[in-house]
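Trainee: sharing a sequence plus its predicted fold:
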Amino acid sequence: MHPNAEVLNRLFTALNRHDHAAMADCYEEAATFTDIAFELDGRKRIHAMWNMICEGDIRTSFEIVQADERRAVANVVDDYTFRPKGRKVHNLIQSRFRFQNGRIEHHQDTCDPRQWASMALGGVGGFLAGRLPFLRRAKARKTLDAFIEKHPEYKRH
């Protein structure tokens, strides 16, 4: 197994253990993360996001499709309860990674935002959130900022 594939194996295995600290250790200090809800800069904010996610009931399965010295791709399936609504989500994700010094430099997750919003939110709110990225991002930013406010170890200095 390529060393960068091993990093991804550690990342996703730690997610299933809800071990956010082990997940954060897979990222470079200046790493970036993007998905349909978050645009994060720096390992501290990425760590805070994973900590927040690990407080829930998430389970993941993954397949590393490709990994080399610089990049990797994985197909991921996350199953969890979207806590604000209590709705079950089965999210199909393609994860793309860039690496530097044996750690993740950039992590980008893509999925179908309309499907996700329909499962997570439902109704009119899901319809709108699935089609309006600024709604998803604003809510995600607000939720993460509130989490960080309660966990000062993630505040920027």
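Mentor: Thanks, I have it.
Trainee: so what's the residue located most distally from the centre of the chain up against?
Mentor: For the chain, the largest distance from the centre (C-alpha atoms, centre = their mean) belongs to V124, which lies 24.7 Å off. By C-beta atoms under 8 Å, 6 or more residues apart in numbering, the contact set of V124 is empty. Heads up, the C-betas are built off the backbone N, CA and C, glycines and all.
Trainee: that one should be in a helix, yeah?
Mentor: Yes - membership of V124 in a helix is supported by DSSP: H, G, I helix; E, B strand; the rest coil.
Trainee: next one, pLDDT for it please.
Mentor: In this model, V124 is scored at 93, pLDDT.
Trainee: cool, H157 as well?
Mentor: According to the prediction, H157 has pLDDT 52.
Trainee: stretch 133-151: which residues count as buried?
Mentor: Residues of stretch 133-151 classed as buried: 135-137, 140, 143-144, 147-148 (neighbour count, 16 or more other C-beta atoms under 10 Å).
Trainee: name the surrounding residues that touch stretch 14-22.
Mentor: By C-beta under 8 Å, 6+ apart, the surrounding residues in contact with stretch 14-22 are 10, 23, 26, 47, 50-51, 53-55, 58-60.
Trainee: one more: stretch 135-154?
Mentor: The contact list for stretch 135-154, computed with C-beta under 8 Å, 6+ apart, reads 36-40, 44-45, 47-49, 51-52, 113, 117, 128-129, 155.
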